[in-house]
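Undergrad: From the sequence below, what's the structure:
(2 chains)
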Amino acid sequence: MNFFKKIKNKITGQTESVTEKFKGGLTKTRQSFASKVNNLVKRYRKVDEEFFEELEEVMISSDVGVNTVLELIDQLKDEARTRNIKETEELKDVIVEVLSGMLTKKDEENELTFNPNGMTIFLVVGVNGVGKTTTIGKLAHKLKQEGKTVMLAAGDTFRAGAIDQLEVWGERSGVNVIKHQEGSDPAAVVYDALVAAKSRKVDVLICDTAGRLQNKVNLMNELEKVKRVIAREYPGAPHEVLLVLDATTGQNALSQAKQFSQATGVTGIVLTKLDGTAKGGIVLAIRHELDIPVKLIGLGEGINDLQTFDSDQFVYGLFSDLFSEETESDDHE
Amino acid sequence: MAFEGLSDRLQETIKKIRGKGKVSEADVKQMTREVRLALLEADVNFKVVKDFINRVKERAIGQEVLKSLTPGQQVIKIVQDELAGLMGGEQSKIQFSPKPPTVIMLVGLQGAGKTTTTGKLANYIRKANNKNPLLVAADVYRPAAIKQLQTLGGQLSMPVFTMGDKESPVTIAKEAIKKAKEDHHDIVFIDTAGRLHVDDTLMEELEEIKAVTDPNEIFLVVDAMTGQDAVNVAESFNERLNITGAILTKLDGDTRGGAALSVKAVTGTPIKFVGMGEKLDALEPFHPERMASRILGMGDVLSLIEKAQANVDAEKAKEMEKKLRTMSFTFDDFLEQIGQVRNMGPLEDLLAMMPGAGKLKGLKDAKIDDKKIGQIEAIIRSMTPLEKSDPDIISASRKKRIALGSGTTIQDVNRLLKQFKDMKKMMKQFMGNTKGKKRKNPFNLPFM
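TA: Reported below is the predicted structural model:
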């Protein structure tokens, strides 16, 4: 059985709707990536240097990043040599295997970490315009659906309208929002929210923060302070520091991941806006170059379109077109 | 930063061919490969990179190298010329309508920074062109987007036209134009909702807004951090709306901003402005040459030169040069130079603009201590005029006095004296070389 079919079988047991969400959200990505690879395979037939060069381009065009691509291509060349693969058609499965291997190379969980005894606190960080507030709105809704009580802290006191935006989300999903005035100290808002959350005994407190570019030292210090306040008031917290990344972002996402990690110890990544034509190839680069798992991905604008990241689902969503013909013909046997 | 490896590699290649009188085809190939990687790593779209590299190759191969330039410089110059040429030309001017109001529409993906940019642009044009703007809140989808524009309008004391989030954006835009005419606003800025370029319904809505408002300018607002997808985004928006220009936001981050090149290449429309910060006055005209340097990771040499020109008195500089040549450079002159450098702004900023600064180990992340400079100044100021002009007379007891006077230690004084001596020695070499026949690059800048 080939590798792609193994993944397919693995996820068949899972709910159809989740698979459909992944497939649907990744349509654009899949179409461009898979059709490009297919095209390549048809044009070359034989595995040679030129084939790899073009494959390199396909991956680069998906924002995977030069360093990661070079490594992937090296791996593929090695595999092709050791398995004595001459036909490009045969190599397709190896491509899926190598990419999947890079996404799941570590055994960590993609699930969010919750505090088993007491309140769970999430801190959400990221640069401007990646969708932090929207993500929090969706996440609050998701947790609420799972039967948890949720509270939000309006820690973005800088951007005009940010507090109102979070409040709208709070209303939509029916959760309380703790806020101060625009321009007030975010650490103070978070502190108040912590006190309120403790006294009301909510299950999960999600803290919003203002978007900031990772090279602004003062703003990064402010973020450190917010995290310190949380840790001081609630030992063991925050249980997740989620960095929200825009899937259309290019190589700068790596710099974001690095510097936000330094300041706040990021524990997971939320990849948003994957429903455009962006390839989200940066997921591979982040997996490859940094030690941070992707935990959630945003596959659409609906309130239900935030999903737990599942690398099998992701790879399947990414490649299902690549193998559709084969799989169908196999099924007939 | 992630890119320094590439920048280093590029400089490494250039170093190798530095001494050659003529650039061979293999040299050019090697160099263009590095340039290609640098551009890709800067998020320039791979198709754009391919075309670009081919053009550079054509121009570079077999080119006779100018006498005053080293081959490496020559190739880089071609690359930079081509890059700047590709990106620029046109000025950041706005097309005003002969019959007011002028209508400017801002479009783009979610989170690109349209609303903030609307405020900044209106502020900029009000000041630069003495206009009376009306802001239009046509983003009825994102929660609190209208509130955001109203807040910005309040900060700028600019009226904001809104009909709440229940009316269609097309109606809002139409009514806004009417209102502008009534209230004698000569320019209208329409802030539209962020949308995916593949969202047919919402893209149609933009076409309708365009139809009813007949805008003079349609600006695509693009996040400078956008990756390879910038091409698709720009292409789609341009196909639907015929955009007239682009505004690059969040360029105050540490992104290379290759998206700028991609957008320009696929739409053919100029990039007019860049967003350089969160404050409402942080919008600047676009400079193609600077962007070219930034994408290549060569440092913002031009900005540095500009800063230097603005702060260094030309007369003084001439005098200084003469002193350097005659080796009569003293501690007094040194002090003056420190003062001038200080006028240019924090040293770290200056350093960041210098090409190859990343290459000097230690300098890369060095937080240059302005206090240290203060210390140097204190030491020099504690010297007698005689000591300043002839440091050789500074004996042990004089050192002791100077250290005491400046609140430093004898070691600090020794260090400064040694540095000054070394500096003079270096200058001597430099001057000697320029007189000699063989002029080697004295500064050893990596791209030379």
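
Undergrad: And for whatever residue of the stretch 151-300 of chain B ends up closest to chain A, the neighbour number?
TA: For the stretch 151-300 of chain B and chain A, the shortest gap (CB to the nearest CB) falls at B:Gly227, measuring 2.7 Å. Placement of C-beta: from N, CA and C, glycine included. B:Gly227 sits with 33 neighbouring residues when counted by other CB atoms under 10 Å in any protein chain shown.

Undergrad: can I assume it is in contact with A:Gln251?
TA: Yes. If you go by CB atoms under 8 Å, B:Gly227 and A:Gln251 touch, sitting 6.9 Å apart.

Undergrad: Need the residues touching each of the two.
TA: A:63, A:282, B:43 (CB atoms under 8 Å, 6 or more residues apart in numbering or on different chains).

Undergrad: For the residues you listed, give me a markdown table that also has neighbour count and pLDDT.
TA: Listed next are these as a markdown table, based on neighbours: other CB atoms under 10 Å in any protein chain shown; pLDDT from 0 to 100:
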| residue | neighbour count | pLDDT |
| --- | --- | --- |
| A:Asp63 | 27 | 83 |
| A:Ile282 | 31 | 82 |
| B:Asp43 | 29 | 88 |
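
Undergrad: Which one of the residues you listed is nearest to A:Val124?
TA: A:Ile282 (18.7 Å; CB to CB).

Undergrad: contacting residues for A:Leu143?
TA: A:150, A:203-204.

Undergrad: per-residue confidence for it?
TA: On the pLDDT scale, A:Leu143 is placed at 95.

Undergrad: mind checking how far the closest residue to chain B within the stretch 201-333 of chain A is from A:Ile60?
TA: Distances between the stretch 201-333 of chain A and chain B by CB to the nearest CB are smallest at A:Gly250, namely 2.7 Å. Here the criterion is CB to CB, to the nearest Å. By it, A:Gly250 lies 10 Å from A:Ile60.

Undergrad: Of these two, give the one with the bigger neighbour count.
TA: A count of neighbours by other CB under 10 Å puts A:Gly250 above the other of A:Gly250 and A:Ile60, at 33 against 23.

Undergrad: which residues touch the closest residue to that one other than its chain neighbours?
TA: Spatial nearest neighbour of A:Gly250, excluding adjacent residues (CB to CB, 6 or more residues apart in numbering or on different chains): B:Gly227 at 2.7 Å. Listed by CB under 8 Å, 6+ apart, the contact partners of B:Gly227 are A:63, A:248-251, A:253, A:278, A:282, B:43, B:259.

Undergrad: Among these, find the lowest-pLDDT one for me.
TA: At the low end of pLDDT for those is A:Ala278, which has 69.

Undergrad: who in the stretch 101-250 of chain B is up against chain A?
TA: Contact residues (CB under 8 Å from any CB of the partner chain) of the stretch 101-250 of chain B with chain A: B:109-113, B:115, B:142-152, B:155, B:196-198, B:223, B:225-230, B:232-233, B:250.

Undergrad: picking that back up, nearest to A:Leu112 among the shared contacts of B:Gly227 and A:Gln251?
TA: Distances from A:Leu112 to those, taken by CB to CB, are shortest for A:Ile282, at 20.7 Å.

Undergrad: related to what we said a few turns ago, out of the residues of the stretch 101-250 of chain B next to chain A, which are buried?
TA: Neighbour counting by 16 or more other CB atoms under 10 Å in any protein chain shown classes B:109-113, B:115, B:142-152, B:196-197, B:223, B:225-230, B:232-233, B:250 among these as buried.

Undergrad: Below-threshold pLDDT in chain B: ranges please.
TA: B:1-23, B:62-74, B:89-92, B:297-321, B:323-327, B:340-370, B:427-448 (pLDDT under 70).

Undergrad: Looking at the record's assignment, how would you partition it?
TA: Structural domains assigned to chain B are B:6-87, B:102-255+B:264-285, B:301-436, following automatic domain parsing.

Undergrad: To A:Phe309, which of those domains lies closest?
TA: Ranking those by proximity to A:Phe309 (CB to CB) places domain B:102-255+B:264-285 first, at 19.1 Å.

Undergrad: picking up where we left off before, wait, which of the shared contacts of B:Gly227 and A:Gln251 is closest to B:Thr330?
TA: Distances from B:Thr330 to the shared contacts of B:Gly227 and A:Gln251, taken by CB to CB, are shortest for B:Asp43, at 49.0 Å.

Undergrad: now for the strand or helix carrying B:Ile172, which elements pack on it?
TA: B:Ile172 belongs to helix B:169-182 when assigned by DSSP states H and E. For helix B:169-182, the packing partners by 3 or more CB pairs under 8 Å, 6 or more residues apart in numbering or on different chains; DSSP states H and E come out as strand B:133-138, strand B:160-161, strand B:187-192, helix B:200-213.

Undergrad: Report the distance from whatever helix or strand comes next after the first one to the chain centre.
TA: Stepping forward along the backbone from strand B:133-138, the first helix or strand reached (DSSP H and E) is helix B:145-156. Here helix B:145-156 shows a centroid-to-chain-centroid distance of 28 Å under the convention CA atoms, centre = their mean, to the nearest Å.

Undergrad: which residues touch helix B:145-156?
TA: Helix B:145-156 has contacts (CB under 8 Å, 6+ apart) with A:159-162, A:164-165, A:182, B:115-116, B:118-119, B:122-123, B:126, B:135, B:137, B:139-140, B:159-160, B:162, B:164-165, B:191, B:193, B:280.

Undergrad: just stretch A:175-193 next, same as before
TA: Residues outside stretch A:175-193 that contact it (CB under 8 Å, 6+ apart) are A:140, A:144, A:149-158, A:160, A:162-163, A:166-167, A:170, A:196-197, A:200, A:202, A:205, A:207, A:209-210, A:222, A:225-226, A:229-230, A:233, B:151.

Undergrad: which ones are touching the residue nearest to B:Gly113 when sequence neighbours are not counted?
TA: Nearest non-adjacent residue to B:Gly113, counting by CB to CB, 6+ apart: B:Thr249, 3.8 Å away. For B:Thr249, the contact set (CB under 8 Å, 6+ apart) comprises B:112-113, B:116-117, B:221-224, B:274-275.

Undergrad: So what pairs up with B:Thr249 in the strands?
TA: Beta-bridge pairing for B:Thr249 (DSSP bridges): B:Asp223.

Undergrad: Then B:Ile104?
TA: Listed by DSSP bridges, the beta-bridge partners for B:Ile104 are B:Phe189, B:Glu217.

Undergrad: Tell me the secondary structure at the residue lying closest to A:Asn215 once chain neighbours are set aside.
TA: Spatial nearest neighbour of A:Asn215, chain neighbours left out: B:Asp254 (4.4 Å); criterion: CB to CB, 6+ apart. Of the three states, B:Asp254 takes coil under DSSP: H, G, I helix; E, B strand; the rest coil.
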